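In: just need the structure, nothing else, for what follows:
(2 chains)
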Protein chains: 2
Amino acid sequence: MSENEKPKVHTLSKDEGLTNGGNNVSSNKFDLATVYVSDAQYNRNSVFDTSPQTVRLYLLYNHWFMQTLVYVFIIVNLALALFEDPAVVPLPIWATSTTEIICLSAFTVRMIHYAKIIPKDKFWKDPKNICIIVVITLSFIDLTIYGALKSTGYFAIRWSRVLRPLLLVNVTEGRQLRRAFRSIRNALPQIAYVFLLFMFSVLVFSLVALKLFGKRGLLTIDGSPYFTDYVDIVFDLYVLVTTANSPDVMMPAYNYSDSFTIFFILYIVINIYTFMSFFLAVVYSNYKKHLKEEVRQLVKARRFKMCRAFSLLQEARGEGGEPVVTQAKWNHLVKLIKPNISIAHRELLWSVLDDQNKGHIGKFAFVQLADLLSIQVITVKSQPHPIHICFPSMYNSPVSRFIRYVVHHRMFVHVYDLIILVNAVFIGLDEENPVVSNAEWGFLVLYMLEIILKLYATEPRAFFARHHFWNWFDTIIIVSALFGTIINSALKHSGGYTGRQILDIVFILRVLRLIRLVDTIKRFRAIINTLIKIGPTILTFGQLIVVYYIFAMVGMELFKGKVQFFEPNSTSPDQEYCGNPLLKGTTFAKLNYCKNNFNNVVSSFIVLLELTVVNQWDGVDTGLVDAMESNDNELGPSEAAKQKPSLMFKIASRRSRTVDGLLQRMFETEIHPEDFEEEEPENINFSNPVFDSV
Amino acid sequence: MSENEKPKVHTLSKDEGLTNGGNNVSSNKFDLATVYVSDAQYNRNSVFDTSPQTVRLYLLYNHWFMQTLVYVFIIVNLALALFEDPAVVPLPIWATSTTEIICLSAFTVRMIHYAKIIPKDKFWKDPKNICIIVVITLSFIDLTIYGALKSTGYFAIRWSRVLRPLLLVNVTEGRQLRRAFRSIRNALPQIAYVFLLFMFSVLVFSLVALKLFGKRGLLTIDGSPYFTDYVDIVFDLYVLVTTANSPDVMMPAYNYSDSFTIFFILYIVINIYTFMSFFLAVVYSNYKKHLKEEVRQLVKARRFKMCRAFSLLQEARGEGGEPVVTQAKWNHLVKLIKPNISIAHRELLWSVLDDQNKGHIGKFAFVQLADLLSIQVITVKSQPHPIHICFPSMYNSPVSRFIRYVVHHRMFVHVYDLIILVNAVFIGLDEENPVVSNAEWGFLVLYMLEIILKLYATEPRAFFARHHFWNWFDTIIIVSALFGTIINSALKHSGGYTGRQILDIVFILRVLRLIRLVDTIKRFRAIINTLIKIGPTILTFGQLIVVYYIFAMVGMELFKGKVQFFEPNSTSPDQEYCGNPLLKGTTFAKLNYCKNNFNNVVSSFIVLLELTVVNQWDGVDTGLVDAMESNDNELGPSEAAKQKPSLMFKIASRRSRTVDGLLQRMFETEIHPEDFEEEEPENINFSNPVFDSV
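Out: Numbering: from 1, shown residues only, chains lettered A, B, ... in the order given. Next up, the predicted model:
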């Protein structure tokens, strides 16, 4: 194949006007180049054939609709836990089983689609694919057995539900999640050693405790012997690390003698402060090291793919016969990659790359295309206000000018900040007081007036531009609150409705208004912007919630129905001990924890969350540190291409909104230029010999 | 003065054989050079005159004995809290007052000594000095008033005790502590903004909680209304961030409706996970930034001082007339700086600097002296074993050779690891069982045998070399345990002693033996070594315990005697409520927390520690991260100067044991060479014009 295609590249290079796609061969070249560029842009690492049919299939496979569909099926599949026994909303078995079969079939089709794209040997070498196939097979088997057993009245367990999260982790789209898992797995050996030493320390301290306190006949507060059993001591001291039983665990010894506190102080200093800091340090440094390596590989692979795309479109034209890509070909390529890109935006990108206005660009400039496409560019058109067009004399009258001057004045913002503060006080007051509930109408009118005035002073399309977060926020909150308040008072006057759901929503909307105060103070705005920017990274780790799913499934099979919750107005005598005689008189029952059970998937998640909160610190969060640091260097919104009248570009953010882009920026100062040599990256599986000469 | 000295430098330069100190002028030059080099070595930043008398005074001021004395007085002064009312060990007022007067006088003398060294204007410009003088004056005034009031029977408060920690912070020796405080202070503004936003978030959430739950008539577990008072809600939700009241705080809402958990989950995700991570990130990045800047200044100042020392001893000798320092002068200088340095060590240092064996070194090599002196070099002399000298034939007999072979074999270590493991089981068993108590004697004999065998196989001076931590550890533990066990069984047989103090110590010594297991596993040893290396940094922050002292003093004045502790066998009816009727029926009294009070300085410290443990994570610990990272690059012990027979040097650690050295290494890759230009550092106050030509 390599021998066939190589000459064609050169034939094609002489072709020029292919804005309409040209013949089949050149169309395929462009398709392939499009695939390379968008693979580079989204950091996809797929192996695929270069035949026209495969490229089409690959484009279809990576179409946003197909990807969204897969996620929908995964979510539906995971959400089935809500309806399966033990269910939050019980559905018959035939309904849940049919839904699951549809989902599993969709995953199977997706797998077959993927198998058609990449070479057979590569497909079977990838553990992700094996894992998905095994999960699908096991789920079908489990479903059949469960259905058969249930219909004949036997006891059955849906054990394959535990495997569902693996589908989320292993679909090609779950790259971020896999990276998170990989980083954790890579840090494990280091952590394991520190953990073993930590456990050794706990064991040694426990032995000392046994020898010091065991024979003294001390009693704990509930009258049981204190520190007489080695295993109990180990458990108590281990729990002390989470600070959950501090200071109760030391009180009997402290009451006996002051000097015994030395033991506990030493324990706390060594096992809480030193070891926990050490854990954090080990996790952080390992995580950072592996992440850096991953990003390095990512950048390398991206550059390699861009070089391939370049070699497909290149022609010898530059000074000294260096290969270049012409503007015509480049335009065609960009249109294929981003069909809805505006001409102005495309021309802006070209003018950035071809800064000397030669009409063609070299390899170095071409390679930057993937990064440029990731940058969010907002096209700001300075259009006249619609009222200005319809009633120019009125819009330019002195009164109208004065209104616009006032609205754009800083004091206008401060006055509304003051109104919000007064509103906050009124929200805090009892809303059943007629003065307070009438004042609410006043505030609503004031806020509506603000929005109307702003819309009068600013061109509406500019006001509701996509990057004006707070304008959207305000409008949605105020309009919703207005509707909510109207509906609520209508229902109240009709007297037929006594529920509080609508009132609750109205209250929350009212309080949410107060958040706008944050936007006025510059330093607060900077913090919020940082939080929004690192949002994608946090969400990636948020996907680790699938781990909870596995625990919830296991917990439900093991503990469902063991602890019962009775409604507060229930008169059942079992209410006192959560319906389980074993819990009679325990703190669990006394503190009314009965609802903390594994009786359905929602309760299970809440219990697991409560358990997590006690040990809240994990090193994973420290990825924040670098995101923060790199934010220090962030430039403000800059303006480009000012020479074009009535059209302005604004770079929404210097960094792309994707996690990959964020990661790349984090390490960009640390990745050395020699990493960008054009040799083939090791972990990428392209192996079409035709491109090896690049 | 500058005009007087400059020519003398050149006159002196022609002088050669000054190994005996030479005349007065050259002796003064050497004294001054010594001061510069040791200031550079210990990163002291003092301003001083260059007159011979001042240099002598300065050397005396920085003498280790004087510095130790100051620390002793500070510790005695702080320890007075143990003996003053409310006292752990009550002493009469005249005794504590006299001791305090002695301490304060010592500080005054030290201040006068310091004032004699540095120019008057510099002295009064330094806030440290002002602070110390103010503290001393206020303490004297307070002491006088307190004495007068007490002797006439009035009520009096020793308020100046709160100021005592300031002496520790502000003595010149407290540099590390001041740096820690400075880093914290520098990070405060950034943290303040995040904290304000965090508080805003808590306030908004509290308002939502008030509106959602306030009117629903929910009750907490103790029957009080749930979430009806705004201030209570703010407090409850603030405490939830420390996880102390989780999940109790959400149970009433959760029992009412599942959907209310969304509120708490959002609160936990935003305020615990996001904001707390953000705090850590801000503290970490700020701390690191400021520390880096401080270290940069330190390195700059050090180099500047070394250049001054060089200019004092230089003479034009090198190729092209470049100034150099001869070996004779260098030797004399090193002898003055480190009087007990061995000739071999000094020659080693010289051979490192003068690698081309020219007999003189240039400025670049000379400047490295301060760093070289900080490196711990262990001189290993391969001497024959004493038994080998006395009884050569016996020591070389086949049996003796076999014993030595066995002792040095890896299996010997493993056999003893096994013995330790068996011992661990025996320690866990009941020691009143005669088999167990007799087995203890067996173990002691086995351990003693191990030490004797090792001493037979290894030259005793090498075995007990300073860097062989585990040899020292083993010997001390075993010999102490042997003595303890003998004394204990002697007392037991005589029947006169029934206390458990000696037995307690023996038990602890027995358990401590088990720690040696750690040394066998390589990865564990690496972790322990890292912990030992970052020990000085941890200890620096350990000094922040002085903050506790201030809180303890204030707490004692406010709360002493408010909560009483009664011995467990007391029959007082007040015992139930800690002697304070206000505590009747509270959880505090029920859980027997009476001893958690402010009745003396020891109790106060323990209470404060307990309060700290609940919020255990502070960003300060993250200095660890870098210490860890730099440890990755650590080389193993390397050997140098092998050409010298029967004498070996071993670099104990590539980094010095001081905190400054550790800090410098942490940032050494990040500090750019241009920082080491020879211009005068900004924050250093040297201003003798004679050296400005350097």
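In: what segments of chain A are strands?
Out: Secondary structure of chain A (DSSP state E): strands located at A:315-316, A:323-326, A:360-361, A:377-381, A:639-640, A:647-651.
In: any idea which of those strands scores lowest on pLDDT?
Out: Note on the strands of chain A: lowest mean pLDDT is at strand A:639-640, with a mean of 34.
In: is any part of stretch A:576-585 close to chain B?
Out: No - Stretch A:576-585 lies apart from chain B when judged by Cβ under 8 Å from any Cβ of the partner chain; the minimum separation is 11.6 Å. Backbone N, C-alpha and C define where each C-beta goes, glycine included.
In: quick one, what contacts the residue nearest in space to the middle of chain A?
Out: The centroid of chain A falls nearest to residue A:539 when counting by Cα atoms, centre = their mean (2.2 Å). Going by Cβ atoms under 8 Å, 6 or more residues apart in numbering or on different chains, residue A:539 touches no other residue.
In: measure it to chain B for me?
Out: Distance check for residue A:539 against chain B: by Cβ to the nearest Cβ, to the nearest Å, it reads 11 Å.
In: residue A:509 too?
Out: 10 Å.
In: that residue contacts residue A:481, doesn't it?
Out: Yes - between residue A:509 and residue A:481 there is a contact under Cβ atoms under 8 Å: 4.1 Å.
In: the two: which is more packed in?
Out: Neighbour totals were compared for residue A:509 and residue A:481, and residue A:481 leads with 23 against 19 (other Cβ atoms under 10 Å in any protein chain shown).
In: any idea how chain A splits into domains?
Out: Each domain of chain A is listed here as a residue range: A:2-177, A:183-292, A:389-520, A:545-631, per automatic domain parsing.
In: from one end of the second one to the other, what's the distance?
Out: Counting by Cα to Cα, to the nearest Å, you get 10 Å between the two ends of domain A:183-292.
In: does that domain reach chain B?
Out: Yes - Domain A:183-292 comes into contact with chain B (Cβ under 8 Å from any Cβ), by way of A:193-194, A:196-197, A:200, A:204, A:207-208, A:210-212, A:215-216, A:221, A:230, A:243, A:246-248, A:251-252, A:254-256, A:258, A:261, A:265, A:268, A:272-274, A:276-278, A:280-282, A:284-285.
In: what mean pLDDT does that domain get?
Out: In the prediction, domain A:183-292 has an average pLDDT of 85.
In: could you do the first one as well?
Out: If you average the pLDDT over domain A:2-177, you get 79.
In: chain center to that domain, what's the gap?
Out: With Cα atoms, centre = their mean, to the nearest Å as the basis, domain A:2-177 stands 21 Å off its chain's centre.
In: now do stretch A:454-469
Out: Relative to its chain's centre, stretch A:454-469 lies at 28 Å (Cα atoms, centre = their mean).
In: in that stretch, what's buried?
Out: A:454, A:455, A:456, A:457, A:458, A:459, A:463, A:465 (16 or more other Cβ atoms under 10 Å in any protein chain shown).
In: ok, now stretch A:244-259?
Out: Residues of stretch A:244-259 classed as buried by neighbour count (16+ other Cβ under 10 Å): A:246, A:247, A:249, A:250, A:251, A:252, A:253, A:254, A:255, A:256.
In: ditto for stretch A:575-584
Out: With burial defined by 16+ other Cβ under 10 Å, the residues of stretch A:575-584 counted as buried are A:575, A:577, A:578, A:579, A:580, A:583.
In: who's in contact with it?
Out: Contacts for stretch A:575-584 (Cβ under 8 Å, 6+ apart): A:562-566, A:572, A:585-586, A:588-589, A:593-594, A:597.
In: can you select the buried ones among those for me in ChimeraX?
Out: Applied in ChimeraX, the following selects the buried portion of these according to 16+ other Cβ under 10 Å:
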select /A:563,564,565,566,588,589,593,594,597
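In: which of the contacts of stretch A:575-584 fall in helices?
Out: Counting by DSSP state H, the contacts of stretch A:575-584 place A:588, A:589 in helices.
In: out of the contacts of stretch A:575-584, who's nearest chain B?
Out: For the contacts of stretch A:575-584, the closest approach to chain B (Cβ to the nearest Cβ) belongs to residue A:593, at 6.6 Å.
In: surely that closest one meets residue B:252?
Out: No - contact status for residue A:593 versus residue B:252: not in contact, 11.5 Å apart, counting by Cβ under 8 Å.
In: which residues are common contacts for the two?
Out: Joint contacts of residue A:593 and residue B:252 (Cβ under 8 Å, 6+ apart) do not exist.
In: so which of the buried residues of stretch A:575-584 is the closest to residue B:401?
Out: Residue B:401 has its nearest neighbour among the buried residues of stretch A:575-584 in residue A:583, at 70.5 Å by Cβ to Cβ.
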